[in-house]
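Asker: Provided below are the primary sequence and the corresponding predicted coordinates.
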Amino acid sequence: QKRRRGPLKSKLVRVSSPPPKRYTHAHNMNQILNAQTLTTLLLSLLLLLISSSSAFIIPSSTTRTQLTQRRQVSFTRQRATMTMMSEETNAKVLGVCGGIGTGKSFVCSLLVEELGCVAHIDADKIAHQVYQPNSPVLQEIASEFGSAVLTEDKSEINRKELGKIVFADSNAMKKLEQIVWPHAKNLIRSEITQLSTNTTSTPSIIVLEAAILLDAQWDDLCNAVWIITAPYDIALKRLIEKRSMKQEDAQKRMDAQEGNRGLGRGKNTATEEMEKEGSRITAIVNNDGNERGELVEKLRLVLKEEGF
């Protein structure tokens, strides 16, 4: 009997001991499966977040300029849409500026001839209208610089006399610009409104070319602004070969633009201008002597990236 009680007592001990190993193993497996399920869910959630915000992921190879450019595109488009013009228009306005010899006029012609833009406004030509005979701006100029800058009948500007004053004194030139630029801006605004009203194509893009677009503060007429650049030696070569300018004269013309916003090379560079808070510059296009077809494709890509 004592021998038979031994096993019974041993069984009672086993009942109060931990569950058999097979139950412990199953329990551990459940814990592992639960942990794996939780990990899978977390990974799925993380992938979902990454995919939904992929537009904000910048590759490590992206340069500071490219990052600034992408950031400015969204900011400037939003601001320019709100403050573009007091009149409503049916077209978007693309401002194009750049230094002499960069080929900005050629770029503007390609935008119209090859890429579907509806019109090209040359701000320089419109600005000349400010000096038309009997223009109201004439009296403002005479009040500032004297009656000698007018012809004898007071109906036109004596360009020779006015030139003697403003080209010899930078402050005088600034005063002239402060008088003329607002009048030119009104003419440009009227031209944009007229072109926009007359166009029926969609989308409608009007190209506004002006070297002094930023200095004259005409950029608030635009939905986007591009700065066309070119290496110094290439720009110089263009002026010598295509405009028949002497090298010394060409260099003087190029150096004279160093003070203009976005057109400088050592200072006031396009990149510096783009990075300024509130800048409307959305792209810097390097016209470094590409073939016509290559330049067209480059412009087409920029238009697409900016949503035109």
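Answerer: On my side now, so go ahead. Numbers count the residues shown, from 1 in each chain.
Asker: now the element after the helix or strand of the chain with the lowest mean pLDDT, going C-ward?
Answerer: Counting by mean pLDDT, DSSP states H and E, the chain has its least confident helix or strand at helix 64-83, which shows a mean of 41. Note on helix 64-83: by DSSP states H and E, the next helix or strand toward the C-terminus is strand 92-98.
Asker: partners of that next one, with directions?
Answerer: Under the criterion DSSP bridges, strand 92-98 sits next to strand 205-209 (parallel), strand 224-229 (parallel) in its sheet.
Asker: out of those, nearest to Gln247?
Answerer: Among the strands paired with strand 92-98, the nearest to Gln247 by CB to CB is strand 224-229 (20.5 Å). For the C-beta atoms, the positions are set from N, CA and C on the backbone; glycine is no exception.
Asker: show residues contacting that closest one.
Answerer: 73, 76-77, 80, 92, 94-99, 102-104, 107, 213-214, 219, 262-263, 270, 273-274, 280-287, 302, 306, 308 (CB atoms under 8 Å, 6 or more residues apart in numbering).
Asker: I'd like the strands paired with strand 92-98 as TSV, with mean neighbour count appended.
Answerer: Formatted as TSV, the strands paired with strand 92-98 follow (neighbours: other CB atoms under 10 Å):
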stretch	mean neighbour count
strand 205-209	24
strand 224-229	26
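Asker: reformat the ones you listed as CSV; add distance to Leu138 and mean pLDDT.
Answerer: Putting the strands paired with strand 92-98 into CSV (distance: least, CB to CB, whole Å; pLDDT from 0 to 100) gives the following:
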stretch, distance to Leu138, mean pLDDT
strand 205-209, 25, 96
strand 224-229, 31, 96
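Asker: a markdown table for the ones you listed, including distance to Ile126?
Answerer: Below are the strands paired with strand 92-98 laid out as a markdown table (distance: least, CB to CB, whole Å):
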| stretch | distance to Ile126 |
| --- | --- |
| strand 205-209 | 10 |
| strand 224-229 | 17 |
